[in-house]
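Colleague: below is the sequence, then the predicted model.
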Amino acid sequence: MDVIINLSDTPKLKKQLVQLKPTRKDGLILQIHHTITLSKEKHQRVRFISICFNNLGQILAAATLNGDIYVVDFNLCKFWSVVNIVSCCILKFSSQNDECVIAGSPNGLLRIINIHTGDVIGKLEGHQYPVVHMSFSVGFLCVTSSVSEAIVWDLRNNSKIQVLSLSANTYLKQMLFMPVSNDLLACFNDDSIHMWKYGTFEYLKQITPASWNKFFIKCIAFAKNGQIMALGGHSSDIPIFSSDSWNLTKTISLHEHTTSVKQLSFISQPFDGGANRILSILSSNGIVYFYDMKADMLLSRLSLELEILRYQLSSDGKYLACIITCGRVNVYLLTKYLTVPQEESTKDRPEIKKISLKKAPQAINAIKAKINGVLDNEKLRSILNEFGQFPEDYRAIIWARLLRLPNNQRLYNALINIKPKVPIADFERKYPIESKMALKNLKKVVSNMANWSPFFAEVDYLPEFAFPFVKVFRNDPVACFEAVCTIVANWCQYWFEYFPLPPVNILAIIENVLLEHKPQLLKHFAKHNITSKIYAWPILQTVFSEVLTARDWLILWDHILINEPSFFLLAVVAFNLINTHVLLKMNYAQDIKRFFHTQNFLDIKKLISKTYDLLNNTSEKNHPRQYLSYFTPIKIGEYPQFSEYPAAAHAFQDLKGLRKDKHLLADEKLGMEQKETRTKIDEVKKNIEENKRINELENIYKSKLEDELVTVNQERKQLNELKKIKDSNLHKAIYRSLDHGHSRCYCTSPKGKHARLCDKAIIALDLKATDKLIKKVEKGLKKQIGGSFEDTDVRQLAAETVELEMKILKELQLLNSLKKRSNTALQTDDFALLKHAMRKIEDGYQGRNPSPAL
């Protein structure tokens, strides 16, 4: 059953899983539609207007009429929304960066958008009308065409290279790069076809409409190898041209099925060498036909209830995506439509023979022999020359064929039963590989290599060397082990003659080739004390896995394994040569060293092309092939002895002793590290306990201080209350204790009369002393509240407070006694004198100097 994706509620850049289910009989695996909810009862379907596959054919991008761009990844089974650009009229993946699409707007602007981040990383500005066609060359060039002009772009810096402008009465139908040659082809409104050579723009050829009985051309298609061109338009005939002579070779007639052709595309198939023999045709009635040009017959057709408006094919010929009239996108598997229809009777069917278990090995060997006949080296080389790499799904099988692996299962079983000679206790710490299965396989290969030859237990870079091959042969441990052994024996010749030193003889070969082809770079290296141990040996140790991406590494080793062993060494020189402009700008040795330990994003095709150039153009004097032996495979039924390490026997014995010492030192170091770790843990625990006790003491002291502050505040409150009581009683006592009969002191009244006041001077002096004592107690309280006090201060303050209370009580008793002795009533004049005396007493209490009249 097919899977339906509704993109109405898809958040931008949030990748969501989609589970592709088994295909239906018609090959449909996916349906994509976009519906917008306008209200609870009203919905609107948004139409898709443009679709495209990426260069690998695993990612589909689709744009709606509203400018929304969506992406479906068939490899990861995920889909997501990228960005909205208001309106989109054309959509294509960039040939320069497979993670970017180029989206065209109605105003002629082209935006380069990253499908993972949604960022617009570049713009192509120059068209006045909407772009209707887009084509890419093999490299970094792109040509875009509208009705009024065509522009050739350099996608490395998004700049214009050439502009084709047209006269007023001429308009352009289509302009594209022709495959392989990268020459430009343009079709104009009069159906004439013109060709120019790219670079010089030399005029090459013109094909007049009379060549195919003139009709209105709507589409042009080329086979991948560029040798066949097909034209489609307002006719049921499809003329086919040969690019060698540009003569009409044949005409495909579909007058029984359609009256015109809307779109043409050649379908790529595995191992067809780019000579695509199947042509897909979209007719005017919305049906896609599949025509076999070699058999000159119609294979099948894709017909739906609704018409197909346009379609796109994946580069590997696996998927077909189409937009139908309702605006929905359907994705189909093409396998069903590309098979030749056969009508076999029961008599013609071959009999199925049963194979007995005893004869099974012979049958398997016969099948292997047939496979080896199909996977001939020359056929594999032609595939590699055509596509640049081997098919991903069959790479492990092809590599095993190139290395001629014997599959010695019995010997391998005996080998793995030997006790490992390599300590793998701390393997996970040294090599923190995320995949547990890959780590397990790597341990197994390294251990088996040491069992095969104990010498490899001393090669510390062996895990880095073997790990990329472990990932390729992850499901076949026997093939993985034999592949590593074969590569070491053939592509690592003379590596271990001076072990544990680097192979100075191999590095000298690389240096001589570099000197021959780029002495300027070698001089730059010498200026900064950079030797071949830095610019060549790290690459050899890691077999390019440290400086290349995984995909580029696989492509490079496709070419290394199919060529002679010297190709590997020349690839190291080529890597330096294509990065010359980068290395010459580095003026610090540390930067150069870091460069050869960092993954670099480069054009792998350029690296391989440069290596082939060195292979063919290096002088015999410096060519590595004169020092290296030819390829020698492992024989069936035996694993050869490996003896290419230092010849002196005692040297290897010393290595054994050094290995034991190394293991002992490693164990001792590990024990010391564990002991040191435990000591540090104990110290940390001790510090935690001390900090805990300190915090407890701080909390106790803080609580005690808060209690003391509460006590002090209470005492101060009581003191203020006593002070108020004293002031009140003092004033009352003064008014009532004036006695004019005593002659202890005198004061002059406002009227000039003299009166004697009873014990007034004594009371005033007592009040002054009491006031000083109050201020002293208040000062002590302020000091205590501020927090800077000791136990002696507290005791002294308490004593002074008690003394103050006693003095106040004494004054109160004196005032009470005066009150009892006051017998006479106060006259008016006496009352005025009393007020005057009371003011003088208050002045003395507040600390002011008494008046001279006292």
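Modeller: Alright, I've got the coordinates.

Colleague: pull the CA atoms of whichever strand in the chain runs longest into PDB?
Modeller: Ranked by number of residues, the top strand in the chain under DSSP state E is strand 28-37. This file holds the C-alpha atoms of strand 28-37, laid out as PDB (Å, rounded to 0.1, in the frame of the first residue of the first chain):
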ATOM      1  CA  LEU A  28       3.300   3.700  -6.400                       C
ATOM      2  CA  ILE A  29       5.300   4.100  -3.200                       C
ATOM      3  CA  LEU A  30       4.500   7.700  -2.100                       C
ATOM      4  CA  GLN A  31       1.800  10.400  -2.500                       C
ATOM      5  CA  ILE A  32       2.400  14.000  -1.400                       C
ATOM      6  CA  HIS A  33      -0.300  16.600  -1.100                       C
ATOM      7  CA  HIS A  34      -0.600  19.900   0.700                       C
ATOM      8  CA  THR A  35      -4.000  21.200   2.200                       C
ATOM      9  CA  ILE A  36      -4.500  24.400   4.000                       C
ATOM     10  CA  THR A  37      -7.300  24.700   6.600                       C
END
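
Colleague: which positions in the host helix or strand of residue 568 come out as buried?
Modeller: Element membership for residue 568, per DSSP states H and E: helix 566-578. Neighbour counts over helix 566-578 (16 or more other Cβ atoms under 10 Å) mark 566-578 as buried. Any C-beta I mention is one placed from the backbone N, CA and C, and that applies to glycine too.

Colleague: for that helix, name the packing helices and strands.
Modeller: helix 504-517, helix 537-541, helix 550-562, helix 604-617 (3 or more Cβ pairs under 8 Å, 6 or more residues apart in numbering; DSSP states H and E).

Colleague: quick one: name whatever helix or strand follows it.
Modeller: Following helix 566-578 in sequence, per DSSP H and E, is helix 580-583.

Colleague: as a whole number, average confidence for that next one?
Modeller: For helix 580-583, mean pLDDT is 90.

Colleague: pLDDT (mean, whole number) over the helix or strand immediately after that helix in the chain?
Modeller: Downstream of helix 580-583, the first helix or strand assigned by DSSP H and E is helix 589-595. Throughout helix 589-595, pLDDT has a mean value of 90.

Colleague: repeat that for stretch 693-702.
Modeller: For stretch 693-702, the mean confidence score works out to 82.

Colleague: strands of the stretch 201-350 of the chain, start to end?
Modeller: Counting by DSSP state E, counting those that start in this stretch, the stretch 201-350 of the chain has strands at residues 202-207, 217-222, 228-233, 237-242, 247-253, 261-267, 278-283, 288-292, 297-302, 308-313, 319-324, 329-333.

Colleague: which stretch among those comes nearest residue 462?
Modeller: Closest approach to residue 462 among the strands of the stretch 201-350 of the chain (Cβ to Cβ): strand 319-324, 41.8 Å.

Colleague: any idea how far that closest one is from the middle of the chain?
Modeller: Between the centre of strand 319-324 and the centre of its chain there are 31 Å (Cα atoms, centre = their mean, to the nearest Å).

Colleague: which neighbours does that strand have in its sheet, and in what orientation?
Modeller: If you go by DSSP bridges, strand 319-324 pairs up with strand 308-313 (antiparallel), strand 329-333 (antiparallel).

Colleague: which single one of the buried residues of helix 566-578 is nearest to residue 305?
Modeller: Lowest distance from residue 305 to the buried residues of helix 566-578 (Cβ to Cβ) belongs to residue 578, with 54.1 Å.

Colleague: from memory that closest one sits against residue 607, does it?
Modeller: Yes: using Cβ atoms under 8 Å, residue 578 is in contact with residue 607, at 5.7 Å.

Colleague: so what's in contact with those two at the same time?
Modeller: Shared contacts of residue 578 and residue 607 (Cβ atoms under 8 Å, 6 or more residues apart in numbering): none.

Colleague: just to revisit the earlier point, partner strands of the longest strand of the chain, parallel or antiparallel?
Modeller: strand 3-6 (parallel), strand 43-46 (antiparallel), strand 329-333 (antiparallel).

Colleague: export the longest one to PDB, keeping only CA atoms.
Modeller: Once side chains and other backbone atoms are set aside, the C-alpha atoms of strand 329-333 remain, and they are given as PDB (Å, rounded to 0.1, in the frame of the first residue of the first chain):
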ATOM      1  CA  VAL A 329       2.900  14.500  -6.400                       C
ATOM      2  CA  ASN A 330       3.100  10.700  -6.900                       C
ATOM      3  CA  VAL A 331       6.400   8.700  -6.700                       C
ATOM      4  CA  TYR A 332       6.800   5.400  -8.500                       C
ATOM      5  CA  LEU A 333       9.400   2.700  -8.700                       C
END
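
Colleague: quick one: mean pLDDT over that strand.
Modeller: Here strand 329-333 scores 91 as its mean pLDDT.

Colleague: and for stretch 456-473?
Modeller: Here the average pLDDT along stretch 456-473 is 88.

Colleague: same question for stretch 498-518.
Modeller: For stretch 498-518, the mean confidence score works out to 90.

Colleague: mind checking how far it is from the chain centre?
Modeller: 36 Å.

Colleague: dump it to PDB, restricted to CA.
Modeller: These are the backbone C-alpha positions of stretch 498-518, laid out as PDB (Å, rounded to 0.1, in the frame of the first residue of the first chain):
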ATOM      1  CA  TYR A 498      63.000   0.300   9.000                       C
ATOM      2  CA  PHE A 499      60.300  -0.300  11.500                       C
ATOM      3  CA  PRO A 500      59.600   1.400  13.900                       C
ATOM      4  CA  LEU A 501      60.900   4.300  11.800                       C
ATOM      5  CA  PRO A 502      58.800   5.600   8.900                       C
ATOM      6  CA  PRO A 503      59.600   4.000   5.500                       C
ATOM      7  CA  VAL A 504      62.200   6.400   4.300                       C
ATOM      8  CA  ASN A 505      62.600   4.700   0.900                       C
ATOM      9  CA  ILE A 506      58.800   5.100   0.100                       C
ATOM     10  CA  LEU A 507      58.800   8.600   1.300                       C
ATOM     11  CA  ALA A 508      61.900   9.400  -0.800                       C
ATOM     12  CA  ILE A 509      60.000   8.100  -3.900                       C
ATOM     13  CA  ILE A 510      57.100  10.500  -3.100                       C
ATOM     14  CA  GLU A 511      59.500  13.400  -2.600                       C
ATOM     15  CA  ASN A 512      61.200  12.800  -5.900                       C
ATOM     16  CA  VAL A 513      57.800  12.800  -7.800                       C
ATOM     17  CA  LEU A 514      56.800  16.000  -6.000                       C
ATOM     18  CA  LEU A 515      60.100  17.600  -6.900                       C
ATOM     19  CA  GLU A 516      59.600  16.700 -10.500                       C
ATOM     20  CA  HIS A 517      56.100  18.200 -10.800                       C
ATOM     21  CA  LYS A 518      56.100  21.000  -8.200                       C
END
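
Colleague: buried ones in it?
Modeller: 499, 502-503, 506-507, 509-514, 516-518.

Colleague: among these, pick out the one closest to residue 226, please.
Modeller: Looking across those and measuring by Cβ to Cβ, the closest to residue 226 is residue 517, at 31.6 Å.

Colleague: find the nearest non-adjacent residue to the closest one, please.
Modeller: residue 577 (6.4 Å; Cβ to Cβ, 6 or more residues apart in numbering).

Colleague: so which elements touch the longest helix anywhere in the chain?
Modeller: Longest helix in the chain by number of residues, with DSSP state H as the criterion: helix 649-736. Here helix 649-736 touches helix 760-786, helix 791-821, helix 828-845, going by 3+ Cβ pairs under 8 Å, 6+ apart.
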